[in-house]
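# Give me the fold of what follows.
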Amino acid sequence: MSSYLYIKALHLIFVVTWFAGLFYTPRLFIYQIETKEKPKNEQDILLPHLQLMTHRLWYIITWPSAVLATLFAIWLLYLSPMWLSQSWLHVKLGFVALLYAYHIKCHHLMNQLKNNTCTWSSNQMRLWNEGATIILFAVVFLVILKNAFDWIYGVIGIVSLGILLMLGIKVYKKYRK
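So this is what the prediction gives:
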């Protein structure tokens, strides 16, 4: 059982670092988009630096953390296969699939920004930036409550959180102006 706890700790550590990357990468996307509104001389200085920061964060922290979190999760399931019969875990794995879809879309956006083909505004990217937060809330509540029925209440909370985040972004946009 003690090896299970070490594997679980490593899984959690890499989940945290994966989410850290998914929280900060879209923020760097926002900065890159907003840099394009600055004078050319500022763009020439800021944009390469922001792209380098994004590249390093993505390939040194975010992708490796995603892979390691997944490998340790598979190891945990190997050690305790009974979890696979739990309905809450099925829902959690659905959210993990959604998280990977979010991750891959971020990768796609990073390439678009690098190639100067991204058409997203900074406000659209701010909304996108909240996707990982919503998934995190869902997964944490599922893991703690371990009850798929209670998850229905969680969905209501997640939708409410999404609405609050969108309102917060609108308020922030007005405040910035």
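# ok, now which ones touch Phe29?
Residues near Phe29 by C-beta atoms under 8 Å, 6 or more residues apart in numbering: Thr54, Cys106, Leu109, Met110, Leu113, Cys118, Trp120, Met125, Trp128, Asn129. Any C-beta I mention is one placed from the backbone N, CA and C, and that applies to glycine too.
# Quote the end-to-end distance of stretch 72-90.
Terminal residues of stretch 72-90 are spaced 17 Å apart (C-alpha to C-alpha, to the nearest Å).
# Same question for stretch 51-63.
Taking C-alpha to C-alpha, the first and last residues of stretch 51-63 lie 16 Å apart.
# which parts of it are buried?
Gln51, Thr54, Leu57, Trp58, Ile61, Thr62 (16 or more other C-beta atoms under 10 Å).
# Show residues contacting it.
Contacts for stretch 51-63 (C-beta under 8 Å, 6+ apart): 17-18, 20-22, 24-25, 28-29, 32, 103, 106-107, 110, 113-114.
# One more: stretch 5-12?
Under the criterion C-beta under 8 Å, 6+ apart, residues Leu68, Ala69, Phe72, Ala73, Trp75, Leu76, Leu79 lie in contact with stretch 5-12.
# repeat for stretch 106-125
By C-beta under 8 Å, 6+ apart, stretch 106-125 touches 22, 25-26, 29-30, 32-34, 51, 54-55, 58, 128, 169, 173.
# So which of those residues sit within helices?
Counting by DSSP state H, the part of these found in helices is 22, 25-26, 29-30, 32-34, 51, 54-55, 128, 169, 173.
# So for Leu28, what's the nearest residue that isn't a sequence neighbour?
Nearest in space to Leu28, with sequence neighbours left out and distances taken as C-beta to C-beta, 6 or more residues apart in numbering, is Thr54 at 4.5 Å.
# Against Tyr24, how distant is the one you found?
Thr54 is 9 Å from Tyr24, where distance means C-beta to C-beta, to the nearest Å.
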